[in-house]
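J.: sequence unknown, structure follows:
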């Protein structure tokens with residue numbers, strides 16, 4: 001969808017610094033949600049009705065999700081598909097010549113974007129492209145043995161802002177655990193060690209536990225750029241997509257459930273462990289975490305992504321588009337390694353040879 005300025009008719013994009021739709025021609029600024037509501041005749045976004053929650057175990061669904069289908073075409077957006085990795089993204093017509101954010105292959109327009117639920121929540125980009133490029137360039141420049149392709153400014157310019165799909169899980173739990181604990185006392189004739197069985201239990205509530213819903217995005221990478229500050233999430237509005245891409249989820253909430261549950265259980269066990277005090281050492285022997293209520297929500301979270309292919313391997317960099325937290329792996333160029341090695345080694349060898357020659361000569 002092309003967002004036209006109501007003053008001059010220019011095309012606007014979402015500005016992460018001001019959190020507004022900005023017109024580059026006349027400088028006008030508009031609130032995204034208000035603009036979207038006005039374009040829809042003042043209807044605005046409808047708040048999903050209350051959802052039922054209930055008890056479940058790991059074989060059941062984790063709550064319910066918003067069942068409203070997202071008709072991308074009605075919102076004036078276009079969908080694109082990568083023929084290489086199968087990735088599907090949605091955006092405006094400015095993406096016609098762009099590349100896939102996941103494998104860097106060309107993507108083409110796709111006439112259908114079916115089978116996708118409409119997001120409930122979205123965290124707008126706060127880190128702009130300029131800042132993302134600067135941080136990436138600073139990171140790469142600090143590595144001397146990085147291949148030249150990674151330092152190419154034109155390549156760094158290709159970093160893409162993508163709203164990555166996430167399932168957010170809410171749950172109330174009852175947790176209990178048994179710990180083996182040890183306390184050591186100094187005695188005149190040595191040490192005395194006491195052993196204890198320690199029990200802890202309690203009720204806890206967890207909100208907005210994230211699990212990314214894009215199979216093409218490594219879970220470990222998405223976990224590493226957390227946390228996202230969910231208190232800054234807003235109701236979904238297509239106006240926030242202006243100038244960015246949004247990925248289509250391909251992992252269902254049921255499939256993400258195990259990850260969500262495991263994170264909730266681990267957090268609950270850690271909270272109980274933190275309540276075991278006054279001992280030199282303790283470890284968890286057994287635990288039981290019962291999830292009593294749950295809900296799941298579909299959200300889009302901001303990520304800057306850059307893919308680079310080198311020697312047949314793919315390297316990906318990701319940055320939290322809200323906080324700026326960055327992660328990425330870099331290879332080293334063996335030819336550069338030997339270049340630096342020889343540059344450092346040759347003078348040293350010459351100096352050693354000169355010393356030996358001098359010692360031989362004065363004899």
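T.: Perfect, thanks for sending it. Bear in mind that the values here come from a model prediction, so they are computed numbers and not experimental data.

J.: make it CA atoms for all contacts and neighbour counts henceforth
T.: Fine.

J.: how about the strands in the stretch 251-363 of the chain?
T.: With DSSP state E, counting those that start in this stretch as the criterion, the stretch 251-363 of the chain has strands at 281-310, 313-320, 326-328.

J.: and the stretch 51-200 of the chain, by the same measure?
T.: Using DSSP E, counting those that start in this stretch, strands in the stretch 51-200 of the chain cover 78-82, 88-91, 107-110, 121-122, 160-187, 190-212.

J.: strand partners of the fourth one, parallel vs antiparallel please.
T.: Looking back up the chat, that one is strand 121-122. strand 234-235 (antiparallel), strand 281-310 (parallel) (DSSP bridges).

J.: other residues contacting the shortest one?
T.: For strand 234-235, the external contacting residues (CA atoms under 8 Å, 6 or more residues apart in numbering) are 45, 120, 121, 122, 123, 124.

J.: put the buried members of those residues into a ChimeraX selection.
T.: Selection of buried members from the contacts of strand 234-235 for ChimeraX, criterion 16 or more other CA atoms under 10 Å:
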select :120,121,122,123,124
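
J.: the contacts of strand 234-235 into TSV, with extra columns for pLDDT and distance to residue 236?
T.: Converted to TSV, these look like this (pLDDT from 0 to 100; distance: CA to CA, whole Å):
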residue	pLDDT	distance to residue 236
45	39	8
120	89	6
121	91	5
122	93	5
123	95	9
124	94	10
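
J.: right, and out of the contacts of strand 234-235, which lies closest to residue 233?
T.: residue 123 (4.5 Å; CA to CA).

J.: wait, isn't that closest one in contact with residue 231?
T.: No: look at residue 123 against residue 231 with CA atoms under 8 Å: they stay out of range, at 9.0 Å.

J.: the residue nearest to the spatial centre of the chain: which element?
T.: The centre of the chain sits closest to residue 222, judged by CA atoms, centre = their mean, with a distance of 3.7 Å. Assigned by DSSP states H and E, residue 222 belongs to helix 219-224.

J.: looking at residue 74 now. What's its pLDDT?
T.: With respect to pLDDT, residue 74 scores 59.

J.: before we move on, what about the one 3 residues further on?
T.: The predicted local confidence for residue 77 comes out at a pLDDT of 68.

J.: ok, now residue 362?
T.: For residue 362, pLDDT reads 70.

J.: against residue 351, how distant is it?
T.: 17 Å (CA to CA, to the nearest Å).

J.: the two: which is more packed in?
T.: Neighbours around residue 362 and residue 351, counted as other CA atoms under 10 Å, are more numerous at residue 351. The numbers are 12 against 6.

J.: where in the stretch 251-363 of the chain is pLDDT low?
T.: With pLDDT under 70 as the threshold, the stretch 251-363 of the chain has low-confidence stretches at 331-350, 353-354, 357-361, 363.

J.: from the chain's centroid, how far away is stretch 180-192?
T.: In terms of CA atoms, centre = their mean, to the nearest Å, the centre of stretch 180-192 is set 46 Å apart from its chain centre.

J.: list phi and psi for residue 147.
T.: Backbone torsions for residue 147, taken as degrees, to the nearest 10, come to phi -60, psi 150.

J.: got the contact list for the helix holding residue 222?
T.: 211, 212, 318, 327.

J.: highest neighbour count among these?
T.: For those, neighbours tallied by other CA under 10 Å; top is residue 212, 28 neighbours.

J.: what pairs with that one across the strands?
T.: Once the bridges are assigned, which here means DSSP bridges, residue 212 pairs with residue 166.

J.: surely it and residue 165 touch.
T.: Yes: between residue 212 and residue 165 there is a contact under CA under 8 Å: 6.0 Å.

J.: so what's the gap between stretch 293-301 and the chain middle?
T.: 15 Å.

J.: so which bits of that stretch are buried?
T.: 293, 294, 295, 296, 297, 298, 299, 300, 301.

J.: residue contacts, the last one?
T.: To tie it back to what came earlier, the one meant is residue 301. Counting by CA under 8 Å, 6+ apart, residue 301 has contacts 122, 123, 124, 163, 164, 165, 166, 228, 321.

J.: between these, which is nearest residue 193?
T.: Closest to residue 193, out of all of the contacts of residue 301 and judged by CA to CA, is residue 228, at 43.8 Å.

J.: could you check the pLDDT of that closest one?
T.: So, for residue 228, pLDDT stands at 94.

J.: list the buried residues of the helix holding residue 222.
T.: 221, 222.

J.: quick one: average pLDDT of it?
T.: On average, helix 219-224 scores 88.

J.: distance between it and the chain's centre?
T.: So, by CA atoms, centre = their mean, the centroid of helix 219-224 is 6 Å from its chain's centroid.

J.: just to revisit the earlier point, most widely separated two among the buried residues of stretch 293-301?
T.: Most distant of these, by CA to CA, are 293 and 301, 24.5 Å apart.

J.: isn't residue 225 right up against residue 319?
T.: Yes: contact criterion CA under 8 Å: residue 225 and residue 319 qualify, at 6.6 Å.

J.: so between these two, which is more surrounded?
T.: Neighbours per residue (other CA under 10 Å) separate residue 225 from residue 319, with residue 319 holding more: 26 against 18.

J.: wait, what's in contact with the more buried one?
T.: 132, 225, 303, 304, 305, 325, 326, 327.

J.: restricted to buried residues, select these in PyMOL.
T.: A single PyMOL command selects the buried members of the contacts of residue 319 (16+ other CA under 10 Å):
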select buried, resi 132+225+303+304+305+325+326+327
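
J.: can you list the contacts of residue 319 in CSV and add distance to residue 151?
T.: Output for the contacts of residue 319, formatted as CSV (distance: CA to CA, whole Å):
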residue, distance to residue 151
132, 14
225, 22
303, 21
304, 17
305, 16
325, 20
326, 17
327, 16
